[in-house]
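Asker: quick one, fold the following:
(2 chains)
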Amino acid sequence: MSTPRKQVILGAYLGGVNHHTAWWHPEAGSQIDFSSFEHTARTAERGKFDFFFLAEGLALRERAGEIFDQDIIGRPDTLTVLASLAAVTEHLGLAGTINTTFNEPYELARQFASLDHLSGGRAAWNVVTSFDAFTGQNFRRGGFLDPADRYVRAEETLSAVRVLWDSWSAADLVADKATGRYLGRPDAGAFAFHGSQFDIAGRFTVPRSPQGRPVILQAGVSPQGRDFAAANADAIFSPYAELREAAKFYRDIKARAVASGRAADDIKILPSASFVLGDTEAEAVEKYHAVRNEQVTGQTALILLEQIWNRDLSGYDPEGPVPDIDPDPDAAPIIQGRAFVHQDRFATVRRLREVAEAKKLTLREVVIDQFERGPLVGTPAQVAEQIDTFVQDNGSDGFILGSHLVPWGLDEFVDKVVPLLQDRGALRTEYTGTTLRDNLGLRAARTATTVSAGT
Amino acid sequence: MGSKLHLGAALDGAGWHPAAWREPNSRPAELFTPAYWTDLATTAQRGLLDFVTIDDSLSVPGDRRAPTDGALDRVRARIDAQLIAARIAPVTRHLGLIPTITTTHTEPFHVSKAIATLDYTSRGRAGWQARVSGTAAEAAHFGRRPLRELTAAELAEVAAAGTFPDFVHDRFAEAADAVEVVRRLWDSWEDGAEIRDVATRRFIDRDKLHYIDFQGRHFGVRGPSITPRPPQGQPVVTALAHAPLIYEFAARGADLVFVTPTREAGPAPILEQVAAAAAQVGRAGEALRVYADLVVFLDSDQETGPHRLARLNEASGAEFGSDAPIFAGSADELAELLIEWSAQGVDGFRLRPGVAVDDLAAIADRLVPALQQRGVFRTGYPDGSLRALLDLPTTVPNRYATA
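Answerer: Alright, predicted model coming up:
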C-alpha cells in the first residue's frame, strides 16, 4: 500500500481593493453586498476548500492627499461578514485579518472565540500589525505605536489572547440543572497578563470554544517575522511562487518551527495565487495576458511604482522606460493606506530595471510582470498538476486562491480543477473533520487544565 | 390608538431571571451555540416582532447591585452580541437585529463599519444599542485608563437628587461623541458614490466621499469609513436609560430610548422627563421614540406567571429584582397593560423574557395573538427595512450631500 498523497490545503480569497480584480468586467458583481461573499463561500465549500479568507482595510487609500478612484474602494467589516457566512456554510473555515494595533487583546480574544462558537469551530485569525499614523487618524488611539514596538506588541497581543482563550477549560461549563451548578469553579475565566504593552486582569466571559484556540495565520518574510510566525502561527503565507525559492522558504520555516519546539507539520505554508483557465494552454495564456493588460492600466502601473519610488511619477509615460530617477524614501509618503511590502526600495528599483532590460518591457509591462501573485495558468489538467506538484515537492502545503472576477470566478476552478485534484488523490472528496483545525490536519489545541492567571 | 403598537424583545443569555437556565426547556449548555440563537430569532420572527436586542457588555454578566463573584449557580458568561446578530442575519428575513456594543473602550470606527456591515448582511435590518462601559472591571480588561465607579455615597446622591458626579457626565459626553462619529461615518459615503464608470475607469466618484474630521474633547476621527453607506442610510440607534442625564444622551444621538417606568406611576413621569431632556439638548427633526421595558413571566398551560416567578425565585434563593418593571400574569392582562401605556404616549415596548425560550414563545404565541385580536398589532410583516418597520423615515438625508 502506498503512502497517502500529501493533501493540498485550499483557501479562497475574495478580491478586495487591489489591481487584481476586474471590476469593469460586465459580469463583475459587488464587493460589498453579502450575496457576493455568500456565493464565493458556498462555491469554496462545494469545492471542499479548507477556508475562506478576508483581508482588512482601516483607511481608504490616498495618492498625494486624494482618495483613489481608479481601483476598488471600500469593504465590509471582516468579522461581521465571517459570522454571517457561518450561517450559510457548514464546514468551511472562516479566516479574517485583524490588526493588533487598533484592537485590544480582550476584544480580539472575545471576537474570535465568539466566532469559533458561532461557527462550530471554524474561526481563524490572520494576525497583522500596523503602525502608520495615517491609519491611526481613524482611531482614538491614533498613530501611537513606535515602529520598533510593533512585533513586541503583536507578540504580546497573541500571548495575551491565548491567556484569555485558556482562561476557561472545557470542564468549567457544567450547566447542570439538577444541582444548580453552572460553573465548574467560581473563578472560571479569571486572567491576568502583565507585559511591556499590556497590563490587564479580570474575567474573560467567553467559555472555551470548539477549537479551544482558533487557528492563527500570519505573514512573515523578515527574519524577525519568520521567527515570530514559526513559533506562533498554525499557517503562514508564503510570498514565493517559484518552486526553488518557495522550497527554501518552506524548509526554513519548518526548521524554525522545530527549533522553537514544535513539529514541522504544526505549521502550514500557503502562498496566494491567481488562476486563469482555458480549453487549451494557448487560450489560457492569451486570456491571462488580456486580463492582466486590462487590470494594469497606465495609471495603475504608475501608482504602483509611486509606492516604491515614493515620488510623483505622473509625468512618466507608462509605455516608456522605467523611471530613471532614484526613489525618495525620506519624503512624506505619496501613497497612503496601502501596505508597503518592499523592504528595500533601491533594491526593488534595481530589480525592476534589470527585468525591464532583460525582457525588453515598458514601465507598464514590467509592472504587469512583477506585481502578480503566482499565477496558475493553463488547462484545468495543467493547473491541477501545477498545484499538486508544487505541494508534493514541498513548495507549500497548499494555496490561497483569488479570482479576478468577483464573485463568480471561483466557480470555474471548483467545477474543472477540483475534480482533477480529487482524482489525483490530492484533495478530499468529503470533509473529514468537524473543525478547521481537523480539516487542516493540525493537532487539537491543548486544553487548558489549570488556571493561567498570572504570566 | 390604531394598529401601531410596536413590540420588540430583549435577549440576554437564558433569560433575565438568574435561574432561567435551570428551567426544563432551557438549554444552558447551548447558550453559545448558533442553533440556540437562531431558534430564538425564529421564534421572535414567528411573533412578527419588530426587533430583538442582544445584550452585551465587556464584563461578566450579573447584577451590579448584588455582586455575584464566586457564585457557581449563575451564567457568568456570554459571547459577542454583534457577532450573534451577524450569525442570525442570513437565517431571518424581517426581524430587526439590534446588538449592544459599548462605547467606552471600543473604537467608533470599528463600531460604525460593523453595524453598517450588519445592515448589508441583514439587508437593512441593523440597529445598535449603544452602552457605556461604566465599571472598573471593564477598564481593567483594557488596562489603558482606570475608570472610577460611583461610591456608595455618590450612588445615594444619584438616587436622592438624580445628579451625577462630573466623571459620569464626562463618560456620557464621550459616548455621545462616539455615537456622533459612528453616524457621521455612515454618512461619509453618499449613496451612489460607487459609479463604476468604465469609460473613465473611475470606480468611485471621490467627490461623494467625505472626511468627517471629527475633533472632540476625548478623541478625533478623520474618516471616511472603509464601508459604503449602509442600506438604511442610518441604522437604528438605541439606548437604555434610567435618568435625565442618560435621557439627554439618548436625545442627542438615538432614534429609540428604552425606559423603565414603575408599575405604580406608569410611563407618564418618564415621558415628561424624556421630553424635557430632548428640549434641553435641542433635539430637532424626528422625535425620540420611547419604548418601555418590561420583564415578563407569562402564564403557561400548566402554571401561572406569578407561580413560575415564585418557583424561579426559590431556585435562585432570592427575590428577583430588576431595573425594569416586572410583569407576571396572563397574555391578556399584559396586552391590556401595553394598550393602556400606549394610550399614555409610549411609542412601543421591549419585553425582556424572564426565561428566554419559554417567555419568548409565549410572547409570540399568546401575547401577539391577544394584541392582534384587539386590532393593535400587525398580522404580517410588510416588506422593508427596520426603519420602515419602526415607522422611522426610510429616506434619511445625508449630512454631507450637496445635491
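Asker: the strands in the stretch 301-403 of chain B, which residues?
Answerer: Assigned by DSSP state E, counting those that start in this stretch, the stretch 301-403 of chain B shows strands spanning B:326-329, B:348-353.
Asker: which of the ones you listed sits closest to residue A:38?
Answerer: Among these, strand B:348-353 comes nearest to residue A:38, with 30.7 Å by Cβ to Cβ. The way it works is simple: take the backbone N, C-alpha and C, and place the C-beta from them, glycine included.
Asker: select, out of the strands of the stretch 301-403 of chain B, the one closest to residue A:320.
Answerer: strand B:348-353 (66.1 Å).
Asker: nearest residue to residue A:30 other than its sequence neighbours?
Answerer: residue A:36 (5.2 Å; Cβ to Cβ, 6 or more residues apart in numbering or on different chains).
Asker: residue B:33 now?
Answerer: Leaving aside its sequence neighbours, residue B:33 sits nearest to residue A:117 (Cβ to Cβ, 6+ apart; 6.7 Å).
Asker: got a list of what the one you found touches?
Answerer: Counting by Cβ atoms under 8 Å, 6 or more residues apart in numbering or on different chains, residue A:117 makes contact with A:206, A:207, A:209, A:210, B:32, B:33, B:34, B:79.
Asker: let's see that with 6 Å instead.
Answerer: If you count contacts by Cβ atoms under 6 Å, 6 or more residues apart in numbering or on different chains, residue A:117 has them with A:209, B:32, B:79.
Asker: neighbours around the second one, how many?
Answerer: Translated: residue B:32. Residue B:32: 23 surrounding residues under other Cβ atoms under 10 Å in any protein chain shown.
Asker: now residue B:100: which helix or strand?
Answerer: strand B:96-102 (DSSP states H and E).
Asker: what about that strand and chain A, any contact?
Answerer: No: if you take Cβ under 6 Å from any Cβ of the partner chain as the test, strand B:96-102 misses chain A, and the best it gets is 9.8 Å.
Asker: send the alpha carbons of that strand over as CSV?
Answerer: This file holds the C-alpha atoms of strand B:96-102, laid out as CSV (Å, rounded to 0.1, in the frame of the first residue of the first chain):
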residue,chain,number,x,y,z
GLY,B,96,-34.7,43.9,13.3
LEU,B,97,-31.3,42.9,14.8
ILE,B,98,-30.0,45.3,17.5
PRO,B,99,-26.8,44.2,19.3
THR,B,100,-25.4,46.0,22.2
ILE,B,101,-21.9,47.4,21.6
THR,B,102,-20.2,49.5,24.3
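Asker: same for that strand, what does it pack against?
Answerer: strand B:51-54, helix B:81-88, strand B:127-131 (3 or more Cβ pairs under 6 Å, 6 or more residues apart in numbering or on different chains; DSSP states H and E).
Asker: pLDDT (mean, whole number) over the strand of greatest length in chain B?
Answerer: Taking DSSP state E as the criterion, chain B has its longest strand at strand B:289-298. The pLDDT scores in strand B:289-298 average 98.
Asker: partners of it in the sheet?
Answerer: strand B:256-259 (parallel), strand B:326-329 (parallel), strand B:348-353 (parallel) (DSSP bridges).
Asker: what's the angle from the last one to strand B:127-131?
Answerer: It stands for strand B:348-353. 70 degrees (axes from the mean of the first three to the mean of the last three Cα atoms, to 10 degrees).
Asker: quick one: residues in contact with strand B:348-353.
Answerer: So strand B:348-353 is in contact with B:6-10, B:15-16, B:258, B:291-296, B:338, B:359-360, B:363, going by Cβ under 6 Å, 6+ apart.
Asker: can you list the weak-confidence ranges in chain A?
Answerer: By pLDDT under 70, the low-scoring segments of chain A are A:1-2, A:131, A:141-145, A:147, A:339-343, A:373, A:446-455.
Asker: just name the most buried of the strands of the stretch 301-403 of chain B.
Answerer: Most buried of these by mean neighbour count (mean count of other Cβ atoms under 10 Å in any protein chain shown) is strand B:348-353; its value is a mean of 25.
Asker: from the chain's centre, how far out does that one sit?
Answerer: Relative to its parent chain, strand B:348-353 has a centroid offset of 10 Å by Cα atoms, centre = their mean, to the nearest Å.
Asker: kindly report the same for stretch A:4-22.
Answerer: 9 Å.
Asker: before we move on, the earlier item: hmm, who's touching the strand holding residue B:100?
Answerer: Residues contacting strand B:96-102 (Cβ under 6 Å, 6+ apart): B:50-51, B:53-56, B:58, B:81-82, B:85, B:111, B:122, B:125-127, B:129, B:131, B:133, B:238, B:386.
Asker: filter those residues down to the buried ones.
Answerer: Neighbour-count burial (16 or more other Cβ atoms under 10 Å in any protein chain shown) applied to those gives B:50-51, B:53-56, B:58, B:81-82, B:85, B:111, B:122, B:125-127, B:129, B:131, B:133, B:238, B:386.
Asker: those: which ones sit near chain A?
Answerer: Okay, of those, nothing touches chain A (Cβ under 6 Å from any Cβ).
Asker: once you drop chain neighbours, what's closest to residue B:175?
Answerer: Spatial nearest neighbour of residue B:175, chain neighbours left out: residue B:103 (4.2 Å); criterion: Cβ to Cβ, 6+ apart.
Asker: neighbours of that neighbour, how many?
Answerer: A count of nearby residues for residue B:103, using other Cβ under 10 Å, gives 26.
Asker: what segments of the stretch 1-150 of chain A are strands?
Answerer: A:9-13, A:51-54, A:62-63, A:66-67, A:93-99, A:123-128.
Asker: in CSV, list the ones you listed along with distance to chain B.
Answerer: Shown next, in CSV, are these (distance: least, Cβ to the nearest Cβ, whole Å):
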stretch, distance to chain B
strand A:9-13, 18
strand A:51-54, 11
strand A:62-63, 10
strand A:66-67, 5
strand A:93-99, 10
strand A:123-128, 10
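Asker: mind putting those strands into CSV with mean neighbour count?
Answerer: Converted to CSV, those look like this (neighbours: other Cβ atoms under 10 Å in any protein chain shown):
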stretch, mean neighbour count
strand A:9-13, 25
strand A:51-54, 27
strand A:62-63, 20
strand A:66-67, 14
strand A:93-99, 24
strand A:123-128, 25
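Asker: so residue A:12 touches residue A:44, yeah?
Answerer: Yes: using Cβ atoms under 6 Å, residue A:12 makes contact with residue A:44 at a distance of 3.8 Å.
Asker: find residues that contact each of these two.
Answerer: Counting by Cβ under 6 Å, 6+ apart, the residues touching both residue A:12 and residue A:44 are residue A:52.
Asker: distance from the chain centre to the helix or strand hosting residue A:412, please.
Answerer: Element membership of residue A:412, judged by DSSP H and E, is helix A:409-416. Here the centre of helix A:409-416 is set off from its chain's centre by 20 Å, with Cα atoms, centre = their mean.
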